[in-house]
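Q: need a structure here:
(4 chains)
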2 protein chains.
Amino acid sequence: MDIQEVARRANVSSATVSRVLNASPKVRPATAEHVRQIITELNYVPNTSARNLRTGRSKLLGLIVSDINNPFFPELIDDFEARARERNIDVIFSHTNYQPNRLEQCVQRMIDRNVDGIAIFTSETNREVFDFTHRQKIPLVLMNQDGPRTEFNNIFVDHDSGATEAIRHLHTLGHRRIAFISGPSGFDSTRARHQAFLAAMADCRLSIRDQWIVEGDLHMEGGHLAMQELLATSPRPTAVLCTNDLMAIGALHAAHEAGIVVPADLSIIGFDNLPVCAMVMPPLTSVDIPRREIAAHAFNMLLKAFEQTTPVKLPTPRIKTHLTQRSSTAMPPKAKRA
Amino acid sequence: MDIQEVARRANVSSATVSRVLNASPKVRPATAEHVRQIITELNYVPNTSARNLRTGRSKLLGLIVSDINNPFFPELIDDFEARARERNIDVIFSHTNYQPNRLEQCVQRMIDRNVDGIAIFTSETNREVFDFTHRQKIPLVLMNQDGPRTEFNNIFVDHDSGATEAIRHLHTLGHRRIAFISGPSGFDSTRARHQAFLAAMADCRLSIRDQWIVEGDLHMEGGHLAMQELLATSPRPTAVLCTNDLMAIGALHAAHEAGIVVPADLSIIGFDNLPVCAMVMPPLTSVDIPRREIAAHAFNMLLKAFEQTTPVKLPTPRIKTHLTQRSSTAMPPKAKRA
DNA sequence: CTGAAAGCGCTTACAG
DNA sequence: CTGAAAGCGCTTACAG
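A: Next up, the predicted model:
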């Protein structure tokens, strides 16, 4: 069943069928209607490969994330894919498992498939690959890759706004001794959140103690260990901001094991606002990263970039983050006594 | 940069280049080596669409799940995709959001892309779509779709083994009053787990009380409400098996709110063994569904089905489920007193 | 072992 | 508004 067969049955040329298929306005409405009917009757579906070969477009977008098992990503993938589907675009999806060299393979495979654009949401960076893709004139969108001066299309997620809201929230509750569980310094996003914490503390004129800044591995384990360290300090902090939710949950467990009640004895705030925040006890207050908004920007930018005949750098959207309050924060014990 | 260009530079015909590309043994090794060198030099990548158009294969597999936001799926997707990547196959991924009619669109889109096979992991069923795909002679693999008599390739996940282990575990601890939070009866998997519970109880010669079987909505809310109902019964159950982990977590919260300590006062067991089981307090004992094993079977079956010239029904793998013990189960209060 | 040539199923500039 | 024809970039049966 090919376009010739449809043409024969409809008593037109394959060119006309093709025009109907592509909703060309140059076809007489009656002819178009007739052809459409035959198409339905025959249950004809155009061959995508032939189409792509002819047009040079694939109606395929690539989406690369660090780790599909990280609950940060599903919502983002979901939204991106839903938008693509609306426009009859398919998505090829891959993940790097945080390995910069796997990014290269992922991108190469997508280029082989002749994708119309690639969105890369990885915490690791591989500048050579970005450059390579850019030179191939394949539309590219990145997230939080070294600021506004980059030549690549970029989406900027502002961690400062969320961190500021978090620290102000604690400050308003009466907290003065606030600790931070940082992540490994190798990742851009981790560094950005650390900076955001420092800025937010300064904003509230709160002093920072070195011993209250402990590094974790971004997993529950790391948060657990970091919290144990913090609990051994004297005086103890009355509140802790964590670089991500998984570490905040690890911290929650460590506090519980030490007989410390959250939030009565200690307030904890996470970062990411993963679905699991609502599942732990107490439900975790966390800085939300608007994943669906990010996905929407990425998709629209890719589409726009693809429509340009000459590649241009699109304006960088700046996305604010905000605190989502749940039940892991309260007044510090001291303030209660007072 | 196309195959002709490579042929010209290598002083051979495009047929020879093509043979080298496809590792045909009919090329003189020296020629092949020379051509390979030129290919590398020119950074040539064959056009996938042209290839697909010629060969009629796409090296593309479809993967459809109910809900990417459900933490059950990421591991499964991960494993499936990793296997595909090993063989240079790409995966087009989609999800139905539990709507049977969206399954039709998903499948149609994949057929349009000329996929070499489709794996469908949805809790909802759409027999017409399965039939349609089957008639198109596109290899298909389903999960737990009405038993061994189906004409479709199927993977059978045995909920009985896990449920039996769960009930025996509780029985051994001394529990006799065991409740069940069921799911909506519309889903095959939900019904299967309900049956598995009943069979496991019979296996341990434990009696079942109607009031100790409460239906939930598969989400935290439903588990929460169901547990509140169970706590209002008299006598109360000392242990609860839940149809899935999300409801088990809802139940955990409800117990906590009622001042009931898990596991000292009440044991809770979930189903699915999601990553979140390790994050809640106390960590949740749960029946594990071996997702990676399922993904492996699905992928291999699709590959095998595709290699057959005439469609055959492959043998149905039977996958056992097992209990993963954590900290939400203990001896019942009565047994302790004794 | 190698090449010339046909053809996979479309789209589109061109001619009418 | 419509059609004939070329061509997108490959692969493969056929001939040598």
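Q: next one: the helix or strand A:E33 falls within to chain centre, how far?
A: In this structure, A:E33 is located in helix A:29-42 according to DSSP states H and E. Put simply, helix A:29-42 sits 43 Å off its chain's centre (Cα atoms, centre = their mean, to the nearest Å).
Q: stretch A:202-217 too?
A: That offset, for stretch A:202-217, works out to 27 Å (Cα atoms, centre = their mean).
Q: how about stretch A:192-204?
A: So, by Cα atoms, centre = their mean, the centroid of stretch A:192-204 is 22 Å from its chain's centroid.
Q: number of residues surrounding the residue of the stretch 101-250 of chain A found nearest DNA strand D?
A: Proximity of the stretch 101-250 of chain A to DNA strand D (Cβ to the nearest atom of the strand) peaks at A:N114, 9.6 Å away. Where C-beta positions appear, they are placed from N, C-alpha and C, glycine not excepted. For A:N114, the neighbour count with other Cβ atoms under 10 Å in any protein chain shown is 19.
Q: next: the one 4 residues further on.
A: Neighbour count for A:I118, taken as other Cβ under 10 Å: 25.
Q: three-state assignment of it?
A: strand (DSSP: H, G, I helix; E, B strand; the rest coil).
Q: quick revisit: list the contacts of the residue of the stretch 101-250 of chain A closest to DNA strand D.
A: A:52, A:56-58, A:60, B:47-49 (Cβ atoms under 8 Å, 6 or more residues apart in numbering or on different chains).
Q: go again using 10 Å as the cut-off
A: Shown in contact with A:N114 (Cβ atoms under 10 Å, 6 or more residues apart in numbering or on different chains): A:52-53, A:56-60, A:138, B:45, B:47-50.
Q: and stretch A:79-94, how far apart are its ends?
A: 16 Å (Cα to Cα, to the nearest Å).
Q: ok, that stretch near chain B or not?
A: Yes: counting by Cβ under 10 Å from any Cβ of the partner chain, chain B is contacted by stretch A:79-94 at A:81-82, A:84-85, A:88-94.
Q: is it true that A:G62 lies in a strand?
A: Yes: assessed with three-state DSSP, A:G62 lies in a strand.
Q: tell me the residues of chain A that contact DNA strand D?
A: Proximity of chain A to DNA strand D, by Cβ under 7 Å from any atom of the strand, involves residues A:11-16, A:19, A:25-29, A:31-32, A:50, A:53-54.
Q: which of the residues you listed are buried? Put it as a PyMOL command.
A: Remark: buried members of those, expressed as a PyMOL selection using 16 or more other Cβ atoms under 10 Å in any protein chain shown:
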select buried, chain A and resi 12+14+16+19+27+31+32+50+53
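Q: sorry, back to before: relative to helix B:48-55, how tilted is the helix or strand following the helix holding A:E33?
A: Sequence order places helix A:48-55 as the next helix or strand after helix A:29-42, per DSSP H and E. Put simply, helix A:48-55 runs at 130 degrees to helix B:48-55, going by axes from the mean of the first three to the mean of the last three Cα atoms, to 10 degrees.
Q: check whether helix A:48-55 comes near chain B.
A: Yes: shown here: helix A:48-55 in contact with chain B (Cβ under 10 Å from any Cβ) through A:48-55.
Q: just the helices in the stretch 51-200 of chain A please.
A: A:73-86, A:100-112, A:127-135, A:159-173, A:188-203 (DSSP state H, counting those that start in this stretch).
Q: using PDB, write out every CA atom in the fourth one.
A: The one in question is helix A:159-173. This file holds the C-alpha atoms of helix A:159-173, laid out as PDB (Å, rounded to 0.1, in the frame of the first residue of the first chain):
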ATOM      1  CA  HIS A 159      18.300  28.800  42.300                       C
ATOM      2  CA  ASP A 160      18.700  32.100  44.100                       C
ATOM      3  CA  SER A 161      15.100  32.900  44.300                       C
ATOM      4  CA  GLY A 162      14.200  29.600  45.900                       C
ATOM      5  CA  ALA A 163      17.100  29.600  48.300                       C
ATOM      6  CA  THR A 164      16.200  33.100  49.400                       C
ATOM      7  CA  GLU A 165      12.600  32.100  50.000                       C
ATOM      8  CA  ALA A 166      13.900  29.100  52.000                       C
ATOM      9  CA  ILE A 167      16.300  31.100  54.200                       C
ATOM     10  CA  ARG A 168      13.800  33.900  54.700                       C
ATOM     11  CA  HIS A 169      11.200  31.400  55.700                       C
ATOM     12  CA  LEU A 170      13.600  30.000  58.300                       C
ATOM     13  CA  HIS A 171      14.600  33.400  59.400                       C
ATOM     14  CA  THR A 172      11.000  34.500  59.900                       C
ATOM     15  CA  LEU A 173      10.400  31.400  62.000                       C
END
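Q: gap between the two ends of stretch A:167-187?
A: Rule used - Cα to Cα; the end-to-end distance of stretch A:167-187 is 22 Å.
Q: now it: average pLDDT?
A: The average pLDDT within stretch A:167-187 is 95.
Q: just stretch A:298-316 next, same as before
A: 87.
Q: mind listing what's buried in that stretch?
A: Those would be A:298-299, A:301-303, A:305-306, A:314, A:316, for stretch A:298-316 by 16+ other Cβ under 10 Å.
Q: out of the residues you listed, which are inside helices?
A: A:298-299, A:301-303, A:305-306 (DSSP state H).
Q: could you chop chain A up by domain?
A: Per automatic domain parsing, the structural domains of chain A span A:3-46, A:59-158+A:290-321, A:159-288+A:324-337.
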